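1. the following comprises the amino acid sequence and a computationally predicted model.
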Amino acid sequence: MEGLQKKIAYGLFCAGACMAVLCGCGENGGRGDQADMRPSSLSAEEAAASEEAYHAASAELLFWYEDASYRDFFEDAARRFYDRTRIKVVAECRDTIDYIGDIYDKTMQDDAFPDGYLIAGDNLEEAYLYGLVSVNEEELSGTGAAEAAVAAASYDGKALGYPLAFRTSLFVYQNGYFQTPPDSIQAIIDYARENEPGENVEYLLEWDVNDAFFDFPFISNSVTFDKTQPEVMEVRYDEEMYQKDLDFFEEILGSFSVDAGTVSTESILDNFLAGRTLCALIDTDSLKYLEGYDYSVIQIPRLNEELSARPCAITDLLVVNEFSEHKEEAADFASFVTVEMAGELYEKTGHYSVIMRETPDAVEKTAFDAYGSAVPVPDSQDAKDFWVSLEETILQYFEGK
């Protein structure tokens, strides 16, 4: 299938599916009022018998995911689903270069292919065109999922995926420096010109310049993704605005000492926690590492008075394999994971569920607001060239243009 090649994806994930008539969730799930029959609520003898039965049971469904940070969450979900339904799910982490291609090959060979799997929403089109996605028969709008998640789970007018988690970028800054939250990137430069940030501060602003996901806000106001029909998408530029964005980007690099050769998510977080970085663009997955630290978080501010900025966002989806002989059961497991266990996702993985927790803190609310206003990463393979071009364009400014 020409054109169905690997595309840039931010976070390909996968996992398998399982059966059951969904019922209320216990206090751990936070989504229902029925007791969750977990082994921990049983006597020692009953727990031992339950454990033995679980290990002796034959797997009925296979679920793939790719990001190892989901491992504990999916293994717990599979076990709890078995306790409720006596249907055993094997959740398998797959470390592979061509994840969707491997699913397709396994499926066509009838060789232990997954009944369900987890992918990033921008890969939904590819998986669908391979014929690997079954229609989601549930009413997504009734699950409490964010509107952006419902949109990300749909393709060609059909609801396909079961939205699980989102990733977008935010702006964090050290407390004690700004009287009010910075309203623009220019304001940070102005602040540094008029104030001494402190002896320990080495960087005014950091972000991973090697990742187009974080570069996008700097040109977001001049780019639109126009998808008029399936498989066809145009990237449209406001050329005048685009040039202004790039000119501003070139200007601010004189104020921000970003080293493209060494910068990484880990170094940015380390510098921020050590107080060496005044402000940073980070993604929502990184917020868990800042827990307990005294900082402030806001949505990404404007570039300056004229130029706005928006982050992009990716939604992780569970999908059911159209070739599975157990699609109904797989769909039930997908619903169980994405809806009933939504309240536990962040604590177990550091990824925010697309369903806000019942008692969200201020950071989660800010993350949700950013997700709702972000530009969805398009689920079109045509976008590949855009992301490659953006990374190359930005890196030119660090190589002397």
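-> Sure, I can see it. No experiment lies behind these values; they were computed from the predicted model shown. Numbers count the residues shown, from 1 in each chain.

2. now Q174: how far from T107?
-> Here the distance between Q174 and T107 works out to 50 Å (CB to CB, to the nearest Å). (Glycine included, C-beta is placed from N, CA and C.)

3. count of neighbours near the residue lying closest to E250 once chain neighbours are set aside?
-> Spatially, and ignoring its direct neighbours in sequence, E250 is nearest to Y397 (5.7 Å; CB to CB, 6 or more residues apart in numbering). By other CB atoms under 10 Å, the residues close to Y397 number 16.

4. would you check that G121 makes contact with L160?
-> No. Assessed by CB atoms under 8 Å, G121 is found out of contact with L160, at 9.9 Å.

5. what stretches of the stretch 1-150 of the chain score poorly on pLDDT?
-> 1-42 (pLDDT under 70).

6. mind doing that once more with 80?
-> The stretch 1-150 of the chain contains residues with pLDDT under 80 at 1-56, 110-111, 141.

7. now the helices for the stretch 101-250 of the chain?
-> For the stretch 101-250 of the chain, applying DSSP state H, counting those that start in this stretch gives helices covering 124-129, 147-152, 185-194, 212-215, 239-252.

8. quick one: which of these is nearest T393?
-> T393 sits nearest to helix 239-252 of all those, at 7.5 Å, using CB to CB.

9. in that closest one, what counts as buried?
-> Buried residues in helix 239-252, counted by 16 or more other CB atoms under 10 Å: M241, K244, D245, L246, F248, F249, I252.

10. apart from its chain neighbours, what residue comes closest to the fifth one?
-> When the adjacent residues along the chain are set aside, F248 lies closest to L303, with 5.4 Å between them (CB to CB, 6+ apart).

11. the one you found and M241: what is the separation?
-> From L303 to M241 the distance is 11 Å (CB to CB).

12. same check, this time on V201
-> Counting by CB to CB - V201 and M241 are separated by 32 Å.

13. cool, R79 as well?
-> With distances taken as CB to CB, R79 is found 52 Å from M241.

14. assign E52 to helix, strand or coil.
-> Put simply, E52 is helix when judged by DSSP: H, G, I helix; E, B strand; the rest coil.

15. for burial, what's the neighbour tally of it?
-> So E52, with other CB under 10 Å, has 10 neighbours.

16. show me what contacts the residue nearest to E250?
-> Y397 is in contact with F249, E250, L253, counting by CB atoms under 8 Å, 6 or more residues apart in numbering.

17. and W207, backbone torsions?
-> Taking degrees, to the nearest 10, you get phi -160, psi 160 for the backbone angles of W207.

18. distance check, it against D245.
-> Distance, W207 to D245, by CB to CB: 15 Å.

19. now E60
-> E60 is 52 Å from D245, by CB to CB.

20. which elements pack onto the strand or helix carrying W64?
-> For W64, the enclosing helix or strand under DSSP states H and E is strand 61-65. Applying 3 or more CB pairs under 8 Å, 6 or more residues apart in numbering; DSSP states H and E, we find strand 61-65 packed against helix 71-85, strand 89-93, strand 116-120, helix 327-335.

21. can you rerun that using 7 Å?
-> Contacts defined by 3 or more CB pairs under 7 Å, 6 or more residues apart in numbering; DSSP states H and E place strand 61-65 against strand 89-93, strand 116-120, helix 327-335.

22. please parse this structure into its domains.
-> Domain ranges of the chain: 39-166+314-367, 168-313+381-396, per automatic domain parsing.

23. and the end-to-end length of the shortest one?
-> Read that as domain 168-313+381-396. Distance between the two ends of domain 168-313+381-396: 25 Å, counting by CA to CA, to the nearest Å.

24. over to stretch 322-341?
-> Per CA to CA, stretch 322-341 runs 24 Å from first to last residue.

25. the residue lying closest to E322 once chain neighbours are set aside: neighbour count?
-> Counting by CB to CB, 6+ apart, E322 lies nearest to S134, which is 4.5 Å off, once chain neighbours are set aside. S134 has 23 neighbouring residues, counting by other CB under 10 Å.

26. begin at 42, not 1, for the rest of this chat.
-> Got it, the first residue is 42 from now on, which makes the last one we talked about S175.

27. just checking, S175 touches H367?
-> No. Assessed by CB atoms under 7 Å, S175 is found out of contact with H367, at 10.8 Å.

28. ok, back up a step: give me the distance from the strand holding W105 to the chain's centre.
-> 19 Å (CA atoms, centre = their mean, to the nearest Å).

29. quick one, it and helix 112-126 angle?
-> With axes from the mean of the first three to the mean of the last three CA atoms, to 10 degrees as the basis, strand 102-106 and helix 112-126 are set at 160 degrees to each other.

30. N362 contacts D151, correct?
-> No. The criterion here is CB under 7 Å, and N362 misses it with D151 at 11.9 Å.

31. low pLDDT regions in the stretch 192-341 of the chain?
-> Applying pLDDT under 80 to the stretch 192-341 of the chain picks out residues 268-273, 295-296, 298-302.

32. now do the strands in it.
-> 195-196, 199-200, 203-215, 244-247, 264-270, 273-278, 318-324, 336-339 (DSSP state E, counting those that start in this stretch).

33. show me what the third one is packed up against.
-> Same thing as strand 203-215. Judged by 3+ CB pairs under 7 Å, 6+ apart, strand 203-215 is in contact with helix 188-193, strand 318-324, strand 336-339, strand 353-361, strand 393-394, helix 403-414.

34. same deal with the fifth one?
-> Secondary structure elements in contact with strand 264-270, counted by 3+ CB pairs under 7 Å, 6+ apart, are strand 273-278.

35. who are the packing partners of the strand it packs on?
-> On a contact count with 3+ CB pairs under 7 Å, 6+ apart, strand 273-278 meets strand 264-270.
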